[in-house]
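J.: Quick one: sequence and predicted model below, then my questions.
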Amino acid sequence: MSLQESPFANQLNTNFVPSDAEVLSIRAFLVPHEVQLARLDEEIEATKIALIRLQHQRASLSEPIDAHKALISLVRRLPEDILMTIFSFCLPSTHNALIDPAEAPLLLGRICRHWRSVAYSNPIIWSSIHIPCTSRISCAALQKLGKVVEAWLERSASCSLDVSVLMQTPEHDDALSDARKLFSQILQVSPRLRSFEVAPDSRFLREDFPLLQLGPEGLPCLRILGFDSPESYEFNDPAALTALLRVPTLKEVSLCLTCTFNPLELPLNWTQLTRLRLECFPALLDNGNWDGGLSGRDTFNVLQMCQNLVWCKFQMTAPSADGGGPFTDGTLTLPNIQTLILSGLILHRWACRFVAPKLRYVQIGHFNPPNVQVDDEDTAAVLDVGYFTTPSLEEFLRCFPAISYLHLYKAVYAQTEGVLDDMFLERFYTPNDLCPRLNRIFIDMRAAPKFSDGAVLEFIRARMAMQPPLQEIQIQFTRWMEVDIMPELQPYIAEGLQVALQYTSQPGVNVRAGLP
């Protein structure tokens with residue numbers, strides 16, 4: 001009798017409890033089927049053994065076959081010029097090459113003799129290097145690092161160099177001389193430096209280390225300079241940086257330092273700069289007052305002077321002498337700026353208008369904004385609403401009508417309220433038409449949006465009827481859902497609109513409330 005014809009078929013998968021006689025009957029019924037199951041298990045085991053044997057036979061054939069195919073692979077016959085081009089694309093794109101055997105270019109010399117020969121004879125891939133001398137490095141490690149750097153620089157031949165250096169005083173006094181020798185190697189190649197980023201500690205700054213005293217004669221090709229000093233070291237005279245900053249070929253400058261003077265006194269050729277980062281912090285004087293730093297008015301003046309800027313990032317760290325009043329009633333024209341990042345400033349005190357026809361990214365805010373998802377084709381504004389009033393935010397957005405991506409957030413410390421309400425949303429469609437090219441909008445919950453669900457629905461309807469239509473909207477609310485508008489949005493979602501409306505959860509019943 002087959003299992004399908006079992007007399008107990010109707011009781012299977014139920015709570016039926018068989019009697020003693022029925023238990024015996026079930027056991028007797030299963031005997032021939034259990035024998036068949038055991039026989040199948042034996043066949044499966046034999047098949048597994050046969051499969052393993054076949055796999056071993058296949059491996060013994062495939063391994064030598066693959067080895068022979070490798071001899072005729074295309075990559076072995078690539079011309080050296082193509083191979084060198086491929087090697088160049090293996091280098092990091094966001095920072096200088098690391099002294100890491102697991103990364104290019106060092107990794108390229110560990111594949112085979114031919115690749116090593118090609119890599120070592122290609123100066124271009126050795127034209128950038130990051131040299132990390134940390135305070136905890138041992139003497140042995142520092143000596144080994146020095147040898148690697150020496151060989152690296154030799155392989156770069158006569159190429160222009162991009163070098164970044166972390167200069168920390170070793171904890172072990174015996175290693176200090178090795179550190180000086182390491183940094184002195186850069187002096188020998190300084191005429192070839194195209195980019196030089198240095199982060200020295202206080203000791204190297206106090207002893208006027210020669211590497212930090214290089215000037216136009218020692219840096220004839222320098223285009224990019226990065227200088228990041230520790231907060232504990234105060235610059236009291238801009239002349240201390242004169243040598244480095246007077247290099248006439250400088251186009252890009254990044255300065256992070258503590259100073260008792262106005263950064264506008266720095267001896268930079270402001271008019272030729274294309275990239276500029278200024279994070280200049282004030283110093284605490286003996287009388288308890290703060291001096292130095294970059295004010296909002298200073299920032300405005302710098303932007304006026306640097307008409308060739310393409311990218312800039314300023315952190316305002318000092319109050320303006322006028323108490324934060326309007327810096328100008330005129331227009332600030334930035335003809336070439338593409339990226340503008342400002343922090344540490346209440347922007348509604350700027351009464352000026354921005355004119356920036358090439359702007360692609362503007363960011364206002366003290367902290368790094370969360371979850372920014374800017375695409376290459378976007379013209380983006382990432383704004384901390386804590387820096388604005390409602391009128392100033394609207395005025396600011398009107399300065400940049402090409403904005404296609406808008407991300408609004410608020411730093412935790414900001415106290416402004418009521419900036420994002422229903423009336424603010426109405427500004428984005430007829431008759432106001434704020435940001436006419438907007439197609440993606442993100443609003444973080446920390447911006448405390450006060451929109452009603454109905455206002456969000458009207459905003460989406462209006463923007464979907466405009467050209468270009470809305471493509472994506474994300475809003476994080478700090479309240480419960482009042483009206484479910486998702487059914488009304490389904491036709492737009494079917495057309496491709498991406499919608500993410502997040503609400504806080506309504507609290508449920510705590511069944512343990514009141515218990516000890």
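T.: That came through fine.

J.: Tell me where the stretch 251-400 of the chain is predicted with low confidence.
T.: Applying pLDDT under 70 to the stretch 251-400 of the chain flags residues 320-330, 345-352, 367.

J.: Equivalent analysis for the stretch 101-250 of the chain, please.
T.: Within the stretch 101-250 of the chain, the stretches with pLDDT under 70 are 208.

J.: residue ranges of the helices in it, please?
T.: Ranges of helices in the stretch 101-250 of the chain, per DSSP state H, counting those that start in this stretch, are 113-120, 139-155, 176-188, 202-206, 242-245.

J.: helices or strands next to the last one in the packing?
T.: Put plainly, it is helix 242-245. With contacts defined as 3 or more Cβ pairs under 8 Å, 6 or more residues apart in numbering; DSSP states H and E, helix 242-245 has these neighbours: strand 224-228. To be clear about C-beta, it is placed using only N, CA and C from the backbone, and glycine gets the same treatment.

J.: what's in contact with the strand it packs on?
T.: Residues outside strand 224-228 that contact it (Cβ atoms under 8 Å, 6 or more residues apart in numbering): 162, 164, 194-199, 241, 244-245, 247, 250-257, 275.

J.: Mean neighbour count added to the helices of the stretch 101-250 of the chain, as CSV?
T.: Shown next, in CSV, are the helices of the stretch 101-250 of the chain (neighbours: other Cβ atoms under 10 Å):
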stretch, mean neighbour count
helix 113-120, 15
helix 139-155, 16
helix 176-188, 17
helix 202-206, 16
helix 242-245, 18
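
J.: Just send the ones you listed back as JSON lines, with distance to Y503 too.
T.: Formatted as JSON lines, the helices of the stretch 101-250 of the chain follow (distance: least, Cβ to Cβ, whole Å):
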{"stretch": "helix 113-120", "distance to Y503": "56"}
{"stretch": "helix 139-155", "distance to Y503": "54"}
{"stretch": "helix 176-188", "distance to Y503": "56"}
{"stretch": "helix 202-206", "distance to Y503": "51"}
{"stretch": "helix 242-245", "distance to Y503": "52"}
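
J.: Quick check: which of those is nearest to V419?
T.: helix 242-245 (39.8 Å; Cβ to Cβ).

J.: For that closest one, output the C-alpha coordinates as PDB.
T.: The C-alpha trace of helix 242-245 is given here as PDB (Å, rounded to 0.1, in the frame of the first residue of the first chain):
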ATOM      1  CA  THR A 242      54.900  84.800   3.900                       C
ATOM      2  CA  ALA A 243      57.400  82.400   2.300                       C
ATOM      3  CA  LEU A 244      54.900  79.700   1.400                       C
ATOM      4  CA  LEU A 245      52.000  82.000   0.500                       C
END
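
J.: Stretch 465-477 spans what distance, first to last residue?
T.: In stretch 465-477, first residue to last residue: 25 Å (Cα to Cα, to the nearest Å).

J.: Centre of the chain to that stretch, how far?
T.: Offset of stretch 465-477 from its chain centre (Cα atoms, centre = their mean, to the nearest Å): 25 Å.

J.: Pull out the buried residues from that stretch.
T.: M466, L470, Q471, I473, Q474, I475, Q476, F477 (16 or more other Cβ atoms under 10 Å).
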